[in-house]
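J.: Curious how this folds, go ahead:
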Amino acid sequence: MRKSIYIPLLIAILSSAVCVWIANDMPIVYVFVPGILISLILAITCFLKHKLLPNKILPMYLLLLGIQFLHFTEEYLADFVTEIPRLLDQEPYSLDIWISFNMGAYFIFILGAIVLYRQFTELYIIPIFFVLAGVLMNAVVHIATAIYVGGYFPGLYTAFIYAILGPVFVRTVMKEIRSVS
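T.: You can find the predicted model right below:
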């Protein structure tokens, strides 16, 4: 195994452990941990050998990150911490833990912007995870949940934005990888 593989592997192990420890009763574990593993695979197989040019990727990444803050606000105002557990026949989540978990994740996603800017390929797992779990999975899960409940579900409106911009971002990254290869 190349030395550069150890850093994203360590990040994947630590972030999965923290996710399970902090949010063990929240279904986010079932989304985040597989998302971390898929991000690890993508980081190792696709991105360790390709530096993405920040001027092509960073502006859209930051736009998606800003939308994530709006998404969190929509979830907060629409009582996501009560609605998702009700759907899963669970007790409401602790608002303090949910907010703290999200703010910690957003700090890491901001670090992802620095990773892209500085082209730290060994740390690309961070922005990959944000786009995979924070953008694409949010789009799919929130829209699918709204369809399942037959109406609005907290996070739906911003999920539609992600459903449009997420694939555009992925296409931009893939185009960038092909042009560098």
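
J.: quick one: average pLDDT of stretch 21-38?
T.: Predicted confidence along stretch 21-38 averages 74 (mean pLDDT).

J.: quick one, phi psi at the closest residue in space to residue 47 that isn't next to it in sequence?
T.: Closest residue to residue 47 apart from its sequence neighbours, by C-beta to C-beta, 6 or more residues apart in numbering: residue 124 at 4.3 Å. From N, CA and C alone the C-beta is placed, and that goes for glycine too. Backbone geometry at residue 124, expressed as degrees, to the nearest 10, gives phi -60, psi -20.

J.: My read is that residue 124 contacts residue 45, right?
T.: No - with contact defined as C-beta atoms under 8 Å, residue 124 does not reach residue 45; the gap is 11.3 Å.

J.: With neighbour numbers in mind, choose between these two.
T.: Per other C-beta atoms under 10 Å, whichever of residue 124 and residue 45 has more neighbours is residue 124, with 25 against 9.

J.: What confidence value was assigned to the more buried one?
T.: For residue 124, the predicted pLDDT is 90.

J.: What of residue 71?
T.: Residue 71 is assigned 97 on the pLDDT scale.

J.: again, but for residue 180
T.: 63.

J.: start the count at 713, not 1, going forward
T.: All set: I'll call the first residue 713, so the last point we hit is now residue 892.

J.: Show me where the chain dips below the pLDDT cut-off.
T.: For the chain, the stretches flagged by pLDDT under 70 are 713-715, 735-740, 892-893.

J.: Helices along that one, start to end?
T.: Under the criterion DSSP state H, helices of the chain are mapped to 715-734, 740-754, 766-789, 792-799, 807-830, 837-841, 850-861, 868-892.
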